[in-house]
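Trainee: kindly return the folded structure for what I paste below:
(4 chains)
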Protein chains: 4
Amino acid sequence: MGIVLGDDQYGKAETRVVRIYRDTDRHEIRDLNVSTALRGAFAAAYLAGDQANVLPTDSQKNTCFAYARSHGVGAIEDYALTLADHFTQDIEPVTAAQVAVDEYRWERVAVHGVPHAHTFVRAGHEVRTTTVTVEAGEAGEAGEAGGRWVISGLRDLIVLKSTGSEFAGFLTDRYTTLAETDDRILATSLTARWRYAGTDVAWDDAFAQIRQILLERFAVLHSKALQQSLWEMGSAVLAAREDIAEIRLSAPNKHHFLVDLTPFGLDNPGEVFYAADRPYGLIQCAVGRDGAPPAGPAWAGPGTFC
Amino acid sequence: MGIVLGDDQYGKAETRVVRIYRDTDRHEIRDLNVSTALRGAFAAAYLAGDQANVLPTDSQKNTCFAYARSHGVGAIEDYALTLADHFTQDIEPVTAAQVAVDEYRWERVAVHGVPHAHTFVRAGHEVRTTTVTVEAGEAGEAGEAGGRWVISGLRDLIVLKSTGSEFAGFLTDRYTTLAETDDRILATSLTARWRYAGTDVAWDDAFAQIRQILLERFAVLHSKALQQSLWEMGSAVLAAREDIAEIRLSAPNKHHFLVDLTPFGLDNPGEVFYAADRPYGLIQCAVGRDGAPPAGPAWAGPGTFC
Amino acid sequence: MGIVLGDDQYGKAETRVVRIYRDTDRHEIRDLNVSTALRGAFAAAYLAGDQANVLPTDSQKNTCFAYARSHGVGAIEDYALTLADHFTQDIEPVTAAQVAVDEYRWERVAVHGVPHAHTFVRAGHEVRTTTVTVEAGEAGEAGEAGGRWVISGLRDLIVLKSTGSEFAGFLTDRYTTLAETDDRILATSLTARWRYAGTDVAWDDAFAQIRQILLERFAVLHSKALQQSLWEMGSAVLAAREDIAEIRLSAPNKHHFLVDLTPFGLDNPGEVFYAADRPYGLIQCAVGRDGAPPAGPAWAGPGTFC
Amino acid sequence: MGIVLGDDQYGKAETRVVRIYRDTDRHEIRDLNVSTALRGAFAAAYLAGDQANVLPTDSQKNTCFAYARSHGVGAIEDYALTLADHFTQDIEPVTAAQVAVDEYRWERVAVHGVPHAHTFVRAGHEVRTTTVTVEAGEAGEAGEAGGRWVISGLRDLIVLKSTGSEFAGFLTDRYTTLAETDDRILATSLTARWRYAGTDVAWDDAFAQIRQILLERFAVLHSKALQQSLWEMGSAVLAAREDIAEIRLSAPNKHHFLVDLTPFGLDNPGEVFYAADRPYGLIQCAVGRDGAPPAGPAWAGPGTFC
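Mentor: Predicted coordinates:
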């Protein structure tokens, strides 16, 4: 049986672009980690070591920096779309481009209560993300050649409820020793990614709204399990925004075990916990919308390649 | 448009199982990181907080430990298949189970040149991996209900060639500043995963052979680019083993930049390099076999969910 | 020459204690990483394997949890002092105890603008720290037997100024290629630790004040180098608080290099930067007070042992 | 009371120098992470922002690269001494220099059983280290002005004994719940640093011998506790080499807990363990030699500053 080249892609990962806007004395900062990946007519590079079609990853890096100056960096979705459009339109062998951007948040340092004009402090672990996929060709419907997809999201959003969570009534087998509980800590480090149905979106506003919905639903829901919380969070996002086609959520259950203090003559009414590292539960679900446009190649990419 | 639950899975991630074999004074060690993921009739847990079908992730963890005693840990592929078969056969709501295992390598400490019977030192960064997917139902062909798939691999295999690598003749655009080179350092931290066509395999021997092929092809090939190296490495594996259906390779190009020493009155004939962290090229390709059985759900899993 | 046992210490590191206060519906959370280290009459454990004087590290861990219930966790300095007093007073062979605590910050999730009673989101990378050292014996002056020292601080406070920083007029040698600049980005991930002169301190207020002084001085100072910024930050803390004996600051210079865009026909007036990982400058200084009580063993500890 | 500048130092951290020796077709590689720190007449930089005495950290980085070409990189101790001598002799304001080097190990890839001439694979987690301290002035006795000190070592040497370790007869208090054991897994990730009495040493041979002694003593000793193992390992090094003045060892007790399988009807005779992450015991001790030359400033440095 013949041995054949399958999927392939290449690009420059983790270009750390920092863009300062200094049009006035009050500076703005955009702090990004940019990764590009190209697909196209690159088989000869693999099969014969022929680079004639291969735009160096170094050039892709240069493009990320140059576009940050020539086109600016607004919302990361716009920046990524502009880059992906460039690669598919201007680089002949490219049939599809994917640009992924992580954004790190900064807050202004307050001096005597007044936000400072050009001094910032990093805010939170949380990272805002986007992955844009563009296919070469005439702009068509998503899913056809010429498609453009935007998946945005966040990761490392660490949240915790100190009550309002239970876990009971579960299936048991011969390896089950877990006791039921009607009051526990529920904590996770949330990854969420949502696919927009189109690209005519006020990206920054959308991100802020979706993040807030996720937090509020997590807070308000009395949770019978992390599964239920994820569904409620995801479906609330879709209910609030018609322009979201689907959302995917991945949530490690960061276990906080109630410490048994009875050997020391102490009770422990939900007050002292041991925060464990590993193992952890890992709960994942997708929430979609009937009739939404297809995802095409939007979810695939370097991070899922192997 | 209706909002609906899409894909979902849950399990226990990163259970650190260490298995000592002490049947004789010469102990053996298997040091594993085990993750389980179940799919099946779990919608009620999401939609209604009903856990009646949900086997706790804590029970899955217990099962990993118990099976390490009752069934033993031989090759990680066998251990993972046994666990996945158990979940799909014995836990009613489960329609598919995926078990992923990382194995850390240990070598015996030599005492006066003699390998010690029960003292070990961790060998290498490199991790051996497997991901086993089993569907409930009568054992059928791969790709049908009752399918069983094994994807094995390695990651963090850091290799470097100090010569025998070039990069020239590439496509240029207005953002290209890179110079051609006919002699550079080529280094990567390889991730490789290969899918077996079946499950009747001498796993440990296969792993050792494939790892060696990957290393030797990387060493021997005069590389015109990392793309060519990956193709040559992957196709050599498929040429050597009929039981491999496909292999996927992901290779960051860990750039080593020749330092310009001319400001200090020194030449630098390929001797002093700066090893950069970020950004890095990222080259990925799959090598397949015509007519191989289909991969079904084998490549999907918790790590690619979102 | 004789071979002799020198310094030694042992303890339990990184016990992850989470304490929930739920006296009212509005819960409070303290999220801690606690490490203990004991010194004393432990030579026989090293020289002869005799554990008669060795309180297991497991017992030390249990004590951290039990005290979180029986004595509570207020300011981390009080919690650490209480633990260290216990070890030195109640465990016969112990001559000195050191307890180090990291605290992770949480903020309340806002629901419709109202802070939630029991749902929290992790705030910032930044970690609040304390290291308490207590010697057994009658409470005496700091530096004598019976001394008690408190060093508090913070780490991973990532700050950045997009202007207001220069670097010029420096010493040059034959290996100098750096150009002078009168406008650059200045960024660091600050570690600061300050030693209190005594233990009668409103710890939480002191921490908040000192953190704010560090941020404000960093923001307001037009910096001629990171060295100057550190001195100004440290001396401002000592000027504001008579109860601080000294402060030590460690600051990696997280380089942001202005990208040369001229090959692409673009200028770059301080707008597009490349954020580098390694190497980085590392600037460290101590600011002290004449006549302050001596530090004794307060700065030494497990993290500096070897 | 007056506010005064205390200790200060500055330098360039983590310059990643890779040196290839290609004098013959059989290449050699030295893969280093180099950090420099200077002390001297730098107060004006802190107090007044005056850089006239400050050699940029960028120049220090350049020096590391240039010296790798002009002076070569042999043993890391020689390379670090040469750099530290340069800074103290050639840079006027410098009164003391410290150069720390980490070295990553590579092994040759075997091709048909023959070690390859220019292809290498990274070997082990373990890092070889050195920290060299040199004071300006006429070469004198160690401890005087003009002193030169070499502390070498290793870290991340992960070792495990599957038997031959016990822990019993320990002190108990009201918080003790740990059971005694006469057979357990003993595992650690060793950091060891030893100070040479002088600088006339065959560094590579010394390193290899000391590493082997540490491994063999760990293996052979029936251990009554990690404390005893450390003492035996350290004192064996000093017994074997008169040129070692002292050795310091730091060893996290990487707990492997025997899993209780009785709920599942299984025994567990030392076969199935759970490898825990945190908390961990941390055991540290120094082994010295009567009459050894003093350590002076050799143990202090950037890593212990605050």
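Trainee: tell me where chain A has strands.
Mentor: In chain A, the segments counted as strands under DSSP state E are A:3-13, A:15-21, A:28-40, A:94-111, A:114-135, A:148-161, A:186-196, A:244-253, A:256-258, A:272-275, A:280-289.
Trainee: ok, the second one: who's next to it in the sheet?
Mentor: Paired strands of strand A:15-21, with direction, are strand A:28-40 (antiparallel), strand C:272-275 (antiparallel) (DSSP bridges).
Trainee: quick one: that strand to strand A:114-135, angle?
Mentor: Interaxial angle of strand A:15-21 relative to strand A:114-135 (axes from the mean of the first three to the mean of the last three Cα atoms, to 10 degrees): 130 degrees.
Trainee: including mean pLDDT, distance to A:Ala84 and mean neighbour count, could the strands paired with strand A:15-21 go into a markdown table?
Mentor: From N, CA and C alone the C-beta is placed, and that goes for glycine too. As requested, those are exported to a markdown table (pLDDT from 0 to 100; distance: least, Cβ to Cβ, whole Å; neighbours: other Cβ atoms under 10 Å in any protein chain shown):
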| stretch | mean pLDDT | distance to A:Ala84 | mean neighbour count |
| --- | --- | --- | --- |
| strand A:28-40 | 98 | 8 | 23 |
| strand C:272-275 | 98 | 19 | 22 |
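Trainee: okay if I get the ones you listed as TSV plus distance to B:Ser152?
Mentor: Formatted as TSV, the strands paired with strand A:15-21 follow (distance: least, Cβ to Cβ, whole Å):
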stretch	distance to B:Ser152
strand A:28-40	25
strand C:272-275	37
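Trainee: residue numbers of chain A in contact with chain D?
Mentor: A:174-175, A:177, A:263-264, A:277-278 (Cβ under 8 Å from any Cβ of the partner chain).
Trainee: show me the shaky parts of chain A.
Mentor: A:1, A:139-145 (pLDDT under 70).
Trainee: report the residue ranges of every domain in it.
Mentor: A:1-136, A:154-306 (automatic domain parsing).
Trainee: export the strands of chain A to JSON lines and tack on distance to B:Arg248?
Mentor: As requested, the strands of chain A are exported to JSON lines (distance: least, Cβ to Cβ, whole Å):
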{"stretch": "strand A:3-13", "distance to B:Arg248": "8"}
{"stretch": "strand A:15-21", "distance to B:Arg248": "24"}
{"stretch": "strand A:28-40", "distance to B:Arg248": "15"}
{"stretch": "strand A:94-111", "distance to B:Arg248": "17"}
{"stretch": "strand A:114-135", "distance to B:Arg248": "19"}
{"stretch": "strand A:148-161", "distance to B:Arg248": "22"}
{"stretch": "strand A:186-196", "distance to B:Arg248": "22"}
{"stretch": "strand A:244-253", "distance to B:Arg248": "22"}
{"stretch": "strand A:256-258", "distance to B:Arg248": "37"}
{"stretch": "strand A:272-275", "distance to B:Arg248": "36"}
{"stretch": "strand A:280-289", "distance to B:Arg248": "22"}
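Trainee: separation between the residue of chain A most remote from its centre and C:Gly72?
Mentor: Relative to the centre of chain A, and counting by Cα atoms, centre = their mean, the farthest-placed residue is A:Gly265 at 46.4 Å. Note on A:Gly265: its distance to C:Gly72, by Cβ to Cβ, to the nearest Å, is 16 Å.
Trainee: the longest helix in chain A is where?
Mentor: Of all segments of type helix in chain A, defined using DSSP state H, the longest is helix A:203-220.
Trainee: near chain B, anything from that one?
Mentor: No: Helix A:203-220 stays clear of chain B (Cβ under 8 Å from any Cβ), getting no nearer than 13.3 Å.
Trainee: stretch A:94-109 now?
Mentor: No: applying Cβ under 8 Å from any Cβ, one finds stretch A:94-109 separated from chain B by no less than 10.0 Å.
Trainee: find the closest residue to chain D in chain A.
Mentor: A:Asp277 (4.3 Å; Cβ to the nearest Cβ).
Trainee: quick one, phi psi at that residue?
Mentor: phi -90, psi -60 (degrees, to the nearest 10).
Trainee: and it, what does it touch?
Mentor: C:16, D:277-278 (Cβ atoms under 8 Å, 6 or more residues apart in numbering or on different chains).
Trainee: for it, give its distance to C:Ala100.
Mentor: A:Asp277 is 19 Å from C:Ala100, by Cβ to Cβ.
Trainee: swap in A:Thr36?
Mentor: Here A:Thr36 is placed at a distance of 43 Å from C:Ala100 (Cβ to Cβ).
Trainee: excluding chain neighbours, what is closest to A:Arg148?
Mentor: Leaving aside its chain neighbours, A:Arg148 sits nearest to A:Val134 (4.9 Å; criterion: Cβ to Cβ, 6 or more residues apart in numbering or on different chains).
Trainee: give the contact list for A:Lys224.
Mentor: A:Lys224 neighbours (Cβ under 8 Å, 6+ apart): A:166-168, B:49-51.
Trainee: if we use 10 Å, what do you get?
Mentor: A:Lys224 sits next to A:165-169, A:182, B:45, B:48-51 when contact means Cβ atoms under 10 Å, 6 or more residues apart in numbering or on different chains.
Trainee: just these: which are in helices?
Mentor: Going by DSSP H, the helices hold B:45, B:48 from the contacts of A:Lys224.
Trainee: neighbours of A:Asp102, how many?
Mentor: 20 (other Cβ atoms under 10 Å in any protein chain shown).
Trainee: so it touches A:Ser152, yeah?
Mentor: No: in this structure, A:Asp102 is not within contact of A:Ser152 by Cβ atoms under 10 Å, at 11.3 Å.
Trainee: what's the overlap in contacts for the two?
Mentor: With contacts taken as Cβ under 10 Å, 6+ apart, A:Asp102 and A:Ser152 have A:76, A:128-131 as neighbours in common.
Trainee: out of those residues, who has the most neighbours?
Mentor: Busiest of these [other Cβ under 10 Å] is A:Thr131, holding 27 neighbours.
Trainee: hmm, that one is touching A:Gly153, no?
Mentor: Yes: proximity of A:Thr131 to A:Gly153 meets the contact threshold set by Cβ under 10 Å, at 8.2 Å.
Trainee: so who does A:Tyr274 touch?
Mentor: A:255-260, C:15-18, C:61, C:64-65, D:278-279.
Trainee: which of those residues sits closest to B:Glu107?
Mentor: D:Arg278 (26.3 Å; Cβ to Cβ).
Trainee: tell me the contacts of the closest one?
Mentor: A:274-278, C:12-16, C:33, D:252, D:255.
Trainee: ok, A:Asn62 next?
Mentor: A:Asn62 neighbours (Cβ under 10 Å, 6+ apart): A:12, A:15, A:56, B:173-178, C:259-261, C:263-264.
Trainee: and it, how far from A:Ala117?
Mentor: Counting by Cβ to Cβ, the gap from A:Asn62 to A:Ala117 is 31 Å.
Trainee: swap in A:Val150?
Mentor: If you go by Cβ to Cβ, the gap between A:Val150 and A:Ala117 works out to 32 Å.
Trainee: what about these two, which has more around it?
Mentor: For A:Val150 versus A:Ala117, neighbours defined as other Cβ under 10 Å are more numerous around A:Val150 (25 against 18).
Trainee: what's the closest of the residues of chain A next to chain D to chain C?
Mentor: A:Phe264 (4.5 Å).
Trainee: for the closest one, which non-adjacent residue is spatially closest?
Mentor: C:Ala66 (4.5 Å).
Trainee: wait, A:Thr177 touches B:Pro56, no?
Mentor: Yes: with contact defined as Cβ under 10 Å, A:Thr177 reaches B:Pro56; the gap is 9.2 Å.
Trainee: the more surrounded of these two?
Mentor: B:Pro56 (23 against 13).
Trainee: got the contact list for that one?
Mentor: B:Pro56 neighbours (Cβ under 10 Å, 6+ apart): A:167, A:170-173, A:175-178, A:180, A:225, A:281, B:10, B:12, B:62.
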